[in-house]
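A.B. asks: sharing a model prediction with you, sequence too.
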Amino acid sequence: QVQLVEAGGGSVQAGGSLRLSCVASGYTYSRSYIGWFRQAPGEERERVAVLSTRGGGTYYADSVKGRFTISQDNAKNTVYLQMNSLKPEDTAMYYCAAGSSWYSFGVWGQGTQVTVSS
């Protein structure tokens with residue numbers, strides 16, 4: 001069974017940067033796609049970025065294009081989300097998830113909070 005553990009959240013001022021990490025353990029079949037999602041209170045969950053761990057392709061939401069970068073370190077079973085030029089509207093709980101397609105994710109981490117102050 002795949003397990004995901006996120007880290008790297010915190011509080012930062014607008015314009016700052018954070019790097020989130022997602023360490024995967026267990027059976028790797030479900031790691032074909034690793035995604036980062038976020039959800040703010042009262043808001044719907046948003047798919048932020050997705051990485052195809054086998055092909056290397058990526059997806060970014062329009063709201064983060066040019067500011068966020070998803071990457072992987074296969075030796076460490078880790079996927080990162082580098083977040084630059086952070087805005088207050090980026091404030092949310094961030095989750096990583098593993099799945100079998102760009103849209104289907106069945107394993108989720110516990111989340112890490114990101115707070116951006118103006």
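C.D. replies: All right, it came through fine. Everything numeric here is computed off the predicted structure, so don't read it as measured data.

A.B. asks: spatially central, which residue of the protein would that be?
C.D. replies: residue 36 (2.5 Å; CA atoms, centre = their mean).

A.B. asks: beta-bridge partners for residue 3, please?
C.D. replies: Residue 3 forms beta bridges with residue 25, as assigned by DSSP bridges.

A.B. asks: actually residue 108, sorry about that
C.D. replies: residue 97.

A.B. asks: ends of stretch 69-82, what's the gap?
C.D. replies: 5 Å (CA to CA, to the nearest Å).

A.B. asks: what are the contacting residues of that stretch?
C.D. replies: For stretch 69-82, the external contacting residues (CB atoms under 8 Å, 6 or more residues apart in numbering) are 17, 19-25, 28, 34, 36, 48-51, 53, 58, 60, 68, 84, 94, 96. For glycine as for every other residue, the C-beta is placed from the backbone atoms N, C-alpha and C.

A.B. asks: the same query, at a cut-off of 7 Å, please.
C.D. replies: Stretch 69-82 has contacts (CB atoms under 7 Å, 6 or more residues apart in numbering) with 19-25, 34, 36, 49, 51, 53, 58, 68, 96.

A.B. asks: got it, and stretch 100-108?
C.D. replies: Taking CB under 7 Å, 6+ apart as the rule, stretch 100-108 contacts 2, 4, 30, 32, 33, 35, 50, 59, 95, 97, 98, 99.

A.B. asks: which SSE is residue 38 in?
C.D. replies: Assigned by DSSP states H and E, residue 38 belongs to strand 33-39.

A.B. asks: what strands flank that strand, and is each parallel or antiparallel?
C.D. replies: strand 46-52 (antiparallel), strand 92-99 (antiparallel).

A.B. asks: for the contacts of stretch 100-108, give me JSON lines that also has distance to residue 116.
C.D. replies: Output for those, formatted as JSON lines (distance: CB to CB, whole Å):
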{"residue": "2", "distance to residue 116": "30"}
{"residue": "4", "distance to residue 116": "23"}
{"residue": "30", "distance to residue 116": "31"}
{"residue": "32", "distance to residue 116": "31"}
{"residue": "33", "distance to residue 116": "27"}
{"residue": "35", "distance to residue 116": "21"}
{"residue": "50", "distance to residue 116": "22"}
{"residue": "59", "distance to residue 116": "22"}
{"residue": "95", "distance to residue 116": "17"}
{"residue": "97", "distance to residue 116": "22"}
{"residue": "98", "distance to residue 116": "26"}
{"residue": "99", "distance to residue 116": "27"}
